[in-house]
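Trainee: Sequence and predicted structure, then a few things I'm wondering about:
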Amino acid sequence: MLRLTDREVEGLRSQNVTENGRGGRRSLPYAFTEQGVAMLSSVLRSTRAMQVNIEIMRVFVRLRRLPSTHAAIAQRLDKLELKLGRHDDEIAAVFAAIRQLVATPIATRKRIGF
């Protein structure tokens, strides 16, 4: 178990349910580490406690995978940004060509007939 910091507690605190004034928590709360949850599951014997501990362990596994997921997403965004950057240049060239066509005056024709 480890004790949470002030900043971590502020991130967990609900904005709607916190009490203003003297009530509430006087000391920083504790949180379990992944190893602490594993040790706790060896002590608790009820079916419900085992189910909760299994779910908590699954959350820790998902949290461990999270940074690699973010890295993959960041890498894909970088590739997309480079691709769009090239498209921006091509779109700018198209607009330049359109402006050039609009800027050239239309030659006046000779009227045919009387």
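Mentor: Cool, the structure landed.

Trainee: make it CA atoms for all contacts and neighbour counts henceforth
Mentor: Noted.

Trainee: any low-confidence regions in this protein?
Mentor: Low-confidence segments of the chain (pLDDT under 70): 13-25, 104-107, 114.

Trainee: Can you show me the helices along the protein?
Mentor: Applying DSSP state H to the chain gives helices spanning 6-12, 34-43, 47-103.

Trainee: tell me the most buried of those helices?
Mentor: helix 34-43 (a mean of 14; mean count of other C-alpha atoms under 10 Å).

Trainee: mind checking how far the spatially most central residue of the chain is from Leu77?
Mentor: Per C-alpha atoms, centre = their mean, the C-alpha nearest to the average position across the chain is that of His70, at 7.6 Å. Distance, His70 to Leu77, using C-alpha to C-alpha, to the nearest Å: 10 Å.

Trainee: Which among the helices of the chain is found nearest to Leu28?
Mentor: Among those, the nearest to Leu28 by C-alpha to C-alpha is helix 6-12 (7.2 Å).

Trainee: So what touches that closest one?
Mentor: Leu28, Pro29 (C-alpha atoms under 8 Å, 6 or more residues apart in numbering).

Trainee: 10 Å - rerun?
Mentor: Arg3, Leu4, Ser27, Leu28, Pro29 (C-alpha atoms under 10 Å, 6 or more residues apart in numbering).

Trainee: Between those residues, identify the one with the most neighbours.
Mentor: Leu4 (15 neighbours; other C-alpha atoms under 10 Å).
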